[in-house]
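> Output the structure for:
(chains A, B and C)
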Amino acid sequence: MRYIPNTDADCKAMLQAIGVQSVEELFADIPAAVRLKRPLKVPPAMAESEVARQVRALADKNANADRYSMFLGAGCYNHFSPAILNHLVLRGEFLTPYTPYQPEVAQGTLQALFEYQTLICLLTDMEVSNASMYEGASATAEAALMAHRITGRSEVVMARAIHPEYRAVTRTYASQLGISFREVAFTEAGVTDIGQVRKMLSERVSCLVVQSPNFLGVIEDLTPLGEAAHAVGALLVVAVAEPVSLGIVKPPGECGADIVTGEGAGLGTGLNYGGPAVGFFATRDKFMRQMPGRLVGETEDREGRTGYVLTLATREQHIRREKATSNICTSESLIATMSAMYMVTMGPQGLRDVALLNLRKAAYAKERLAKVRGFSLRFTGPTFNEFVLRTKKKPGEILKGLLKRQIIGGLDLGRFYPELKDCFLVCVTEQNSRPEIDALAKALGGGR
Amino acid sequence: MQVPEGLKYTREHEWIKVEGDRGQVGITHYAQDQLGDVVFVELPKKGRSLRQMEPFGVIESVKAVSDLYCPAGGEVLEVNGELERKPELVNGDPYGAGWMIRVKITNPKDLDKLLSASEYSAYLKQAGGGH
Amino acid sequence: MSGTGNTIGTRGLVLNEPLIFEQGSPGRVGYSLPPVDVPEKKAEVLIPKRLLRDGIPGMPEVSEVDVIRHYTRISQWNYCVDLGFFPLGSCTMKYNPRINEDMARLPGFAKAHPYQPEELSQGALQLMWELEQYLAEVAGMDRVTLQPSAGAHGELTGLMMIRAYHTSRGNPRSKVLIPDSAHGTNPATSALCGYRVVPVKEGPRGIVEAKAVAEVMDNEVAAIMVTSPNTLGLFEEQIVEVSKIVHAKGGQVYCDGANLNSVMGISRPGDCGVDVIQINLHKTFSQPHGGGGPGAGPVALKKHLAPFMPVPTVEKKGNRLTFDFKRPKSIGKVRAFAASFGVLVRSYTYIRSMGSAGLRRASEVAVLNANYIQSQLKGTYHLPYDRHCMHECIFTDALQVRHDIHTVDIAKRLIDYGFHPPTIYFPLIVKAALMIEPTETESKETLDQFIAAMKQIAREAQENPDLLREAPRNPKVTRLNETKAAREPKLRWRPTS
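Residues are numbered from 1 along each chain as shown, chains lettered A, B, ... in the order given. Below is the predicted model:
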């Protein structure tokens, strides 16, 4: 086996040195009754060329954004990733170390994560960020748990316009601890109903959780939502599923957010059928010790040279055990590093330009598609790169029809929102050219 | 290990210095030595009332964390705000500048359950920490 | 001193590299974008001005060359599996095959959208379905959920399923039994599920004894969380009896599968009475660790727990594979979308490369390598449990303490010799542990170099202990001040203005 260097002769020499006859003896502690007496029912080994053919055959059965015009977003966005990102993350030095427990030989990972923490703070305008969570939904769930710890309150008010899977995951996590939920409806503008928010907020509420741009593509006006939450001593948690929006949209930190979470895969990691992804998690300095996850901090070595270490580890499971702020251990260091690489490659101008390009293309598509007979915009609020189209036909059938023209046209919203069963969600990124958008309009019956 | 006379001790390694109905509380020399460099001390708000041996705060070193227990029930009169900026005082002067809270003792009988200096020294020896 | 003779540790040309924020100049760019082919409307025409940001102060402005240099330079400050021996106990730092990386990057996977229609995702579904079969077979279980993103996430998912199972029978119960040698994630996970932790002490042979479990087992115990082989590198010999005791009172047996690498094809947790186990794909199944993720922690389970699996599950209907969301008893979801799919591609590729016999061989050689190290270092270092080990062996600093040399010094000195240190000070029940897990992907020559270095370090401890106290000298930085980092947390760069 090419991954196992020791030959039979090597093994024999080692057995001799140990003083046993066979490997079997080393397994003597395993009771006979629970020894497997047959080979594993797993197919036999394959040569590299055979494996490659086998796996490629599976990959080829899937649609992908190279072969289809991709107008699906909904929390997983088709953005371009500069070539250097892939090359850099394939460097063995980033790809194959462990979590940086020995800082002297992990300064690369540590500095990269320190820079990532800074970049997330700059992007969200928050004071402190951790070194990554699994992905956006579970990061949002952890934010709700953190608000529960800080406030000691057990009710969460959550916008219905949050990604349905983020809501589901938050419920799964929080329901274990008896935290209850109330859901706030969205208005005809497609934003969270602030009137209803004010009614639901009380001194029992730990946090108000919203998403912006929300699942319906609409940008929330966060400032009044934050004011309403703070008025009753609750925290404002803002989830950002589309981080590219922050190139142009006012950051949650500027709008009174106490915790900002979100999905960072949009920053150069790509679709990957939904993962691996990376959850970002940022908050205010005063809540630093209540944060889940790893933190990298700056310090000095014995010669006074700057270096980086994992710090404030007493919050974590390996020290605080059942009193830890979270059970998280392995998270998404490499993907976090990849998103940092994306942010520095783009720079302030690139982040703004790519956001603007998304905005303009989506605006063009929105205008164009809304003019097609039988289609209209469902919501009136401002959007970034996604919007909801209402149709007189069945969205499912329309989307199915588009597949024949190599177009994946969007998400049938009936899947998550019964009240929007006549609607679908369309996403347009910098990857969608004007001819593609025109072809979508044409396929929907829009001529030209 | 320093175990000053005149103080009362808990088996969780806190001390209390009693003056009338008031008590000053901190952790022992042994406790700070076991923890190593203290990096953070979390203390209660003034006015909080505590039962005997109720956790009143948390002390952290780089790689350990420990609850702090109140040797006698009472109301928190004062907390040592200095420790927020200078947690190292706990290491440098555990029985002096490293004090943590002052309490108004509600039930003086609580003190009877605590160890004297010689009892605490013996307890440390037994626990293998007497050096 | 290192850097001579047979020692592989030495100094190369290591470049200094400041933070990226201290580099670049205004107007320098590293990106390119296609021309705008739609009307160039101003942002404030499309979005109200109060919802827009002015800029992102502090973001660096650098060129593509700068980015490449920056990350290449800092990458060289890392030790990694590609560079050499990484015997980090409990972490299974095996070689990460490169074909796996190529496969994960095939456009049919890397550029597939999780919400694209199922009929256009049959390849992805098939990979998930097959992987579920393989993992279930290795673990001896009935079903597997691939959704969890890491081992601890898998533990949480597993324990949530157990809680849902008990709740469906009328009482979620209130306690979880956890041996003292467990990973810290076990108690932390229990707390996240609202359970109180009841510790169980290991017996003198380093394993959980049935009678100790029987003493604390009652009708309020939801589960026992055992790690087998455990964190001492020992097989839990009494796990079958323990399972019987727990089951007799209606409890469930959760196995932390972090150490599955030692028993593939040899013994299956499911056959030992385990009801739920998480499988760390970034340990046993070759997903690279990436400096702390991504990983994945699929959870394998017995069929009585299947109704509680997270949605969606992958089901086969004739020749068609489909996601099943209609599972009314499901705990719900633990992450968005189906799974950390790219990780699954790597582990699938690995399993198909290794095959049935290859997986067994991997476990055999992993155990052989660990025992070889143990046998060669016994006597030089104190061996608290003197018996054959499984995939990892544990020593302590007890023979070096008299020279005032501690585990941390031994670990740091290994760096100068060109090795990554073992896991240190874990498990907590062993005083000052050095936990060595070589894995199967290391050759005898590498193990011999490591053994020689460890012996040399033991001599140095006696003859020249300062070499250890001052170690490491070779890396870019010497020992870092963790107290300062924690007392004055500086967790980000800040613009100076």
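
> contacts and neighbour counts: CA atoms only from here.
Will do.

> so what pLDDT did residue 373 get?
I went with chain A, as the question did not name one. Per-residue confidence (pLDDT) for A:Arg373: 94.

> Hmm, no, I was thinking of chain C.
Confidence for C:Ile373, expressed as pLDDT, is 98.

> Confirm for me that it is in contact with C:Glu445.
No. Counting by CA atoms under 8 Å, C:Ile373 stays clear of C:Glu445, with 11.7 Å between them.

> tell me which residues of the top helix by length along chain B are tucked away?
Across chain B, the longest stretch assigned as helix under DSSP state H is helix B:117-126. Within helix B:117-126, the residues that qualify as buried are B:Ala117, B:Tyr120, B:Ser121, B:Leu124, counting by 16 or more other CA atoms under 10 Å in any protein chain shown.

> In chain B, where is pLDDT below threshold?
For chain B, applying pLDDT under 70 flags the ranges B:128-131.

> Report the contact partners of the residue in it that chain C sits nearest to.
Going by CA to the nearest CA, chain C is nearest to B:Val39 of chain B, at 4.7 Å. By CA atoms under 8 Å, 6 or more residues apart in numbering or on different chains, B:Val39 lies in contact with B:Ile59, B:Glu60, B:Ser61, B:Val62, B:Pro87, B:Glu88, C:Thr483, C:Ala486, C:Arg487.

> quick one, longest helix in the chain?
You didn't say which chain, so I picked chain A. Longest helix of chain A, by residue count under DSSP H: helix A:333-370.

> Wait, chain C was what I had in mind.
Using DSSP H, we find that the single longest helix of chain C is helix C:341-377.

> which residues are contacting the helix or strand following that helix?
The helix or strand immediately downstream of helix C:341-377 is strand C:393-396, counting by DSSP states H and E. With CA under 8 Å, 6+ apart as the test, strand C:393-396 has contacts from C:232-233, C:370-371, C:373-374, C:381-385, C:407, C:430-437.

> redo that, cut-off 6 Å
C:Gly233, C:Gln374, C:His382, C:Leu383, C:Ala432, C:Ala433, C:Leu434, C:Met435, C:Ile436 (CA atoms under 6 Å, 6 or more residues apart in numbering or on different chains).

> With neighbour count and distance to chain A added, can I get those in TSV?
TSV is the format used below for the contacts of strand C:393-396 (neighbours: other CA atoms under 10 Å in any protein chain shown; distance: CA to the nearest CA, whole Å):
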residue	neighbour count	distance to chain A
C:Gly233	28	11
C:Gln374	24	8
C:His382	18	17
C:Leu383	21	15
C:Ala432	19	15
C:Ala433	27	15
C:Leu434	28	14
C:Met435	26	14
C:Ile436	26	14
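
> And those, which two are furthest apart?
Pairwise distances across those peak at 16.7 Å for C:Gln374 and C:Ala432 (criterion: CA to CA).

> which residues sit in contact with A:Thr299?
Applying CA under 6 Å, 6+ apart, the residues near A:Thr299 are A:Thr306, A:Gly307, A:Tyr308, C:Ala485.

> pretty sure the first one is touching A:Glu298, no?
No. Between A:Thr306 and A:Glu298 there is no contact under CA atoms under 6 Å: 7.0 Å.

> higher neighbour count, those two?
Between A:Thr306 and A:Glu298, counted using other CA atoms under 10 Å in any protein chain shown, A:Glu298 has the larger neighbour count: 25 against 14.

> Could you report the separation of that one from chain C?
Applying CA to the nearest CA, to the nearest Å, the value for A:Glu298 to chain C is 5 Å.

> lowest average confidence, helix or strand, in chain A?
Using mean pLDDT, DSSP states H and E, the weakest-scoring helix or strand in chain A turns out to be helix A:317-320, at a mean of 81.

> Then chain C?
Least confident helix or strand, chain C: helix C:185-192 with a mean of 92, by mean pLDDT, DSSP H and E.
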